[in-house]
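Undergrad: model the structure of this input:
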Amino acid sequence: MILTAGRTPSRRRLDGTRPLEGLLIAALLVGATANMDDVIDAVAAFLPPPECPTGCMNWTAAMNASEQAANFADPSLLPSLGAGCAIPGRALTSLTQPVAPTMTAIEAAAFYGPICPCQPKGPRGPVEYHTCVAPLFIPEQINLQLANSTTVVVSFATHELAPPESSPVARLGLASAGAPTTELSGVSHWFETSHANGSKGCIQVTGSSRPCNVRNLTMHFIRFPSLEPRASYTYQVRSGGSADGWSPLFTFRAPYGHGTPAKTGGSNVTRVAIYGDMGNDASNNMGNLREDCAKGTIDAVVHMGDHAYNMGNGDDYHGDAYLQAFQHVLARCPWVPIIGNHESTMGDGKDRVDLSTEERYLNQSWGVILGQDGGEIETSTAVSTATTSLGHIITRSSFYGAASHGEAPSRTSQWYSLDFGLIHFVCLDLDPGPPAVFSGAQLAWAQADLAKAHANRVNVPWIVVTSHFPLHSAMFEEDASAEWYNGESAEGERIGDGTPWSETAHFERCPKPTRGDNATCTTVKDVVTASIDSLGPLLDQYHVDIYAAGHVHSYSTTWPIFNNAVTNKSYVNPTGTIHVLEGNGGVPGVHSRPAIKPCSRSAPQEPVSPVDFFRICGLGKAYGRIVTSNASVLTYEHVGNDNGHVLDTWSIVKTGF
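TA: The predicted structure follows:
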C-alpha cells in the first residue's frame, strides 16, 4: 500500500457506499510458464483505491517496457488489463513483512493485495500505486478443499457489513451438460480479526504508527457430495447476502476412490502435488501447479504448512492476497491444507505469529471437516460462541455431526485423514510446543486411523503421513537451540527482513552453561528425538510408506528407516519408511534456483540423523509429485519451480503383488 518513497502506506477500506453493479467483468487469462502468475481474473471486480480520486490509469501508460517486464510475469496482458486492478507476479516481494525502504513502492502496495496506478495529481506528478478496494458481497479466495474420495467443499470469502441472514449458494453441474443448474446451499461464518495494535499481525511498513482496526471476513462453505469419479464439473458461488453477487464459472475434476481392489490392478492413476512452505513470492510454484492441474499431471495439491508468510500480517490483508493469488489454482484443483508454525502460536514466546493467525487458518480450512460430515445441513448460518480457534472448529463440527471419515473422526482441521485414489493421507500437527501436541487425543486418533488404513491396503495400498515438521533432515544441527528452530529464523537462509541470504547464520547454538549455573537449553536434538520417539513407533507398526514434511527449506530423501535406523539402501521392497523433506515451495527471501547435491556436513555442525541416512539432498524452490496406478509402484518426482523440469525421481517398488 505504499505509493512513493517516504509516504506511509494507505489502508484498503471497505466502502459500503460504492456501487455494486457491473463488478463481474470478464476474467483475464494468466500466462506464465512457471513460478508466480500475474493475478488478474481473481481480482477483476476490485474497485479503485480511495487514494485515486480520479480513478486508476492505464498500466501501459503508467509503466515503460522495462518496468512492465520487471513487475509482470506476462506483460502482454497489460493492454487487455487496461486500468484494472492486479497483483503483478514479479512484484511480489521476497520479504515476509513490509519493510521500507527495502521494498519498492509497487512491492509494498502488492503485499496487501491487488493494486493499480493512480492518475497523476498534476501534469508532472509521479505515478503512485495504491491497494485496491475489495467490493461488497463479491466472492473471492475461492478454493476447493478435498474432504474424501467423493466430496469436495468449496470455500470462499466475502466482505459484508453484517452477517448474512441467508445461506450461501452454489450452482453445480456436469461440465458436459452446459451451464450448471443444480443449487446447493451451505453455511457461513463471520470471522473477525483480533490483532492488537502493535502486534505482529498489525505490522505495516517499518516506521508506521497507524493503528490496526478489527475487520471482518465472511467465510462460506458449501459441500459438493456424491461426485462422479474424475468427472468434470462446472460451478459458481455467491453469498447469501446478495442474490446478484455470483462468481465467475469454474471447472474442476472430481476426486476419485480406489476403484477395483489394488492387488488386481487398482484404479486409474493417482496424481498429487506435495510440498511445504509457500507464500506470495515471484518464484513460488503457483504457475507450475496451475499448468500441472490443467494438463492432468496432478489432480490435487497437498500443502504441508506455512501458508502466505504470514496470513495475519497487515491486519490480515496479506492472507487475503495469498488466497486471491492462489484462487486460479485452487478453484480448479482441490487441495489439502496442513497447519505449520506460521499458522500456529507454538506456545508463548516460541514464535511471533499472532493467535488470530492460527484462528484464521483453522476457520478457513474447516471445509475439509464439513465435507466429511455425512448429515444434511440444517441451518443457514454457522454461529459459534467459542473464544478460541480450536473451540470454533469443535463447536461447529459437533453441531453438524461427527466427521464421519475414519474410525476415529478428528473433528478438527488441525489433524485429519482422507483417502484419495490409491493413497491414504494422514495429516498431523507436530508443533513441538510447549506443550507438544502429538500426544493425548491426537496420538490416540492417529493410531486408530493408521490401524484402519493398514487393514484396508487391499483397496488403498499406500499410506503417506504428513506434517509440517520433519523427523529427519540433513540440515539439522543437534546442538541448535530448539526455541530458535521452532521460530521463524531457523527455517531458511534468511528471516525475511531484508538481510542478504549469505549473511544470516543457519544455526543458533544453545549457550554453554557456566560453572555453577544449572540453566538448561532445549536443543533441536531434544525436540526431534521426542517426535521420533512418539511418532516413529506408529510409522513402524503400520509400515507407513512415506513420511513427508517441510519447515526446513530444502529437499532430501532418506533410505528406508525402521526403529530409527536404515534398514536397506534400496527402494525395492523397503522394510521401513522413506522420509521426504520438500520444504521450499516458494518461501519469500529464500534461495530460488533449485539444484540436487550429495548430502554432506562439516564440523562442528553435527546432524541429529547421520548423513548416511540420506539418499540425496537439494536446495532451491521446488515441489513434489506423487504418482501411482497400482499397489506395486509409487513414483516421486522433485520438480523445479523455475522451469518445471524434474530434478530427481525415484520409485518404491513392491514385488509379489
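Undergrad: which non-adjacent residue is nearest residue 56?
TA: Excluding the flanking residues, the one nearest residue 56 by CB to CB, 6 or more residues apart in numbering is residue 116, at 3.7 Å. C-betas here are computed from N, CA, C, even on glycine.
Undergrad: so where does that neighbour fall, helix or strand?
TA: In the assignment (DSSP states H and E), residue 116 maps to strand 115-117.
Undergrad: what lines up beside the helix or strand following that strand in the sheet?
TA: Downstream of strand 115-117, the first helix or strand assigned by DSSP H and E is strand 129-131. With DSSP bridges as the test, strand 129-131 is paired with strand 115-117 (antiparallel).
Undergrad: how far is the strand it pairs with from where the chain is centred?
TA: Computed by CA atoms, centre = their mean, to the nearest Å, the chain-centroid distance of strand 115-117 equals 26 Å.
Undergrad: what does it contact?
TA: By CB atoms under 8 Å, 6 or more residues apart in numbering, the surrounding residues in contact with strand 115-117 are 48-49, 52, 56-57, 59, 62-63, 83-88, 106, 109, 127-132.
Undergrad: if we use 10 Å, what do you get?
TA: 1, 3, 12, 43, 46-49, 52, 55-59, 61-63, 71, 81-88, 91, 105-109, 127-132, 321 (CB atoms under 10 Å, 6 or more residues apart in numbering).
Undergrad: so residue 148 bridges to which residues?
TA: residue 151.
Undergrad: for this structure, which segments count as helices?
TA: 59-62, 65-71, 78-81, 105-110, 286-295, 317-330, 355-364, 367-370, 389-400, 440-455, 482-486, 524-541 (DSSP state H).
Undergrad: now the third one - C-alpha only, PDB.
TA: Extracted as PDB, the C-alpha positions of helix 78-81 are listed here (Å, rounded to 0.1, in the frame of the first residue of the first chain):
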ATOM      1  CA  LEU A  78      -1.400  -5.300 -19.900                       C
ATOM      2  CA  PRO A  79      -3.300  -3.900 -23.000                       C
ATOM      3  CA  SER A  80      -6.400  -6.100 -22.000                       C
ATOM      4  CA  LEU A  81      -6.000  -5.300 -18.300                       C
END
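Undergrad: count of neighbours near residue 597?
TA: Residue 597 has 11 neighbours, counted by other CB atoms under 10 Å.
Undergrad: renumber starting at 41 from here on
TA: Done: numbering now begins at 41, and the last item shifts to residue 637.
Undergrad: what about the closest residue to it other than its chain neighbours, how many residues close to it?
TA: Leaving aside its sequence neighbours, residue 637 sits nearest to residue 657 (CB to CB, 6+ apart; 5.7 Å). Residue 657 is flanked by 21 other residues according to other CB under 10 Å.
Undergrad: wait, residue 657 sits on residue 596?
TA: Yes - Residue 657 lies in contact with residue 596 (CB atoms under 10 Å); the separation is 4.5 Å.
Undergrad: identify the contacts common to these two.
TA: 513-515, 621, 639.
Undergrad: give the buried subset of the residues you listed as a PyMOL selection command.
TA: Burial among the shared contacts of residue 657 and residue 596 is assessed by 16 or more other CB atoms under 10 Å; the matching PyMOL selection reads:
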select buried, resi 513+514+515+621+639
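Undergrad: any chance of a markdown table for the shared contacts of residue 657 and residue 596, columns pLDDT?
TA: Converted to a markdown table, those look like this (pLDDT from 0 to 100):
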| residue | pLDDT |
| --- | --- |
| 513 | 87 |
| 514 | 82 |
| 515 | 76 |
| 621 | 97 |
| 639 | 85 |
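Undergrad: just give me the closest of the shared contacts of residue 657 and residue 596 to residue 191.
TA: For the shared contacts of residue 657 and residue 596, the closest approach to residue 191 (CB to CB) belongs to residue 621, at 30.6 Å.
Undergrad: for the closest one, which non-adjacent residue is closest in space?
TA: The shortest distance from residue 621 to any non-neighbouring residue, by CB to CB, 6+ apart, is to residue 596 (4.6 Å).
Undergrad: check residue 603 too.
TA: residue 580 (6.0 Å).
Undergrad: that neighbour: what's it in contact with?
TA: Counted by CB under 10 Å, 6+ apart, residue 580 has contacts 601-604, 615-617.
Undergrad: hmm, back to that, quick check: pLDDT value at the residue nearest to residue 637.
TA: With respect to pLDDT, residue 657 has a value of 93.
Undergrad: that one and residue 687, how far apart?
TA: In this view, residue 657 and residue 687 are 12 Å apart by CB to CB, to the nearest Å.
Undergrad: what do those two both touch?
TA: Counting by CB under 10 Å, 6+ apart, the residues touching both residue 657 and residue 687 are 595, 635-636.
Undergrad: ok, those vs residue 318, which is closest?
TA: Nearest to residue 318 out of those is residue 595 (CB to CB; 13.8 Å).
Undergrad: give the bridge partners for the closest residue to the closest one other than its chain neighbours, please.
TA: Spatial nearest neighbour of residue 595, excluding adjacent residues (CB to CB, 6+ apart): residue 658 at 3.7 Å. Under DSSP bridges, the beta-bridge partners of residue 658 are residue 595, residue 636.
Undergrad: tell me the contacts of residue 658?
TA: Counting by CB under 10 Å, 6+ apart, residue 658 has contacts 594-597, 621-622, 624, 634-639, 678, 680, 687-688.
Undergrad: and residue 103, what's its pLDDT?
TA: With respect to pLDDT, residue 103 has a value of 93.
Undergrad: could you check how far the closest residue to it other than its chain neighbours is from residue 127?
TA: Setting aside the residues directly before and after it, residue 103 is nearest to residue 111 in space (CB to CB, 6+ apart), at 7.0 Å. Applying CB to CB, the value for residue 111 to residue 127 is 10 Å.
Undergrad: between those two, tell me which one has more neighbours.
TA: Under the criterion of other CB under 10 Å, the comparison of residue 111 against residue 127 puts residue 127 first, with 28 against 25.
Undergrad: number of nearby residues for the residue lying closest to the more buried one once chain neighbours are set aside?
TA: Counting by CB to CB, 6+ apart, residue 79 is the residue found nearest to residue 127 once chain neighbours are left out, at 3.7 Å. By the criterion of other CB under 10 Å, residue 79 has 28 neighbours.
Undergrad: I figured residue 397 hits residue 350, correct?
TA: Yes - in this structure residue 397 lies within contact range of residue 350 using CB under 10 Å: 5.8 Å.
Undergrad: roughly how far does the residue nearest to residue 621 sit from residue 516?
TA: 10 Å.
Undergrad: any shared contact partners between the two?
TA: Joint contacts of residue 596 and residue 516 (CB under 10 Å, 6+ apart) are 510, 649.
Undergrad: give the contact list for the closest residue to residue 494 other than its chain neighbours.
TA: Nearest residue to residue 494, sequence neighbours excluded (CB to CB, 6+ apart): residue 582, at 4.3 Å. By CB under 10 Å, 6+ apart, the contact set of residue 582 is 466, 486-487, 489-495, 497, 503, 505, 617.
Undergrad: lowest-scoring secondary structure element of the chain by mean pLDDT?
TA: helix 429-440 (a mean of 32; mean pLDDT, DSSP states H and E).
Undergrad: show me where the stretch 541-690 of the chain has strands.
TA: For the stretch 541-690 of the chain, the strands defined by DSSP state E, counting those that start in this stretch occupy 586-589, 595-598, 601-602, 605-606, 618-622, 635-637, 654-659, 662-668, 673-680, 686-693.
Undergrad: which stretch among those comes nearest residue 334?
TA: strand 662-668 (14.5 Å).
Undergrad: can you tell me the strand partners of the closest one and which way each runs?
TA: Strand pairing for strand 662-668, determined by DSSP bridges: strand 310-315 (antiparallel), strand 673-680 (antiparallel).
Undergrad: buried ones in it?
TA: 662-668.
Undergrad: can you check stretch 669-688 too?
TA: 669-672, 674, 676-682, 684, 687-688.
Undergrad: work out the gap between stretch 511-520 and the centre of the chain.
TA: 24 Å.
Undergrad: repeat that for stretch 603-617.
TA: On the basis of CA atoms, centre = their mean, stretch 603-617 sits 31 Å off its chain's mean C-alpha point.
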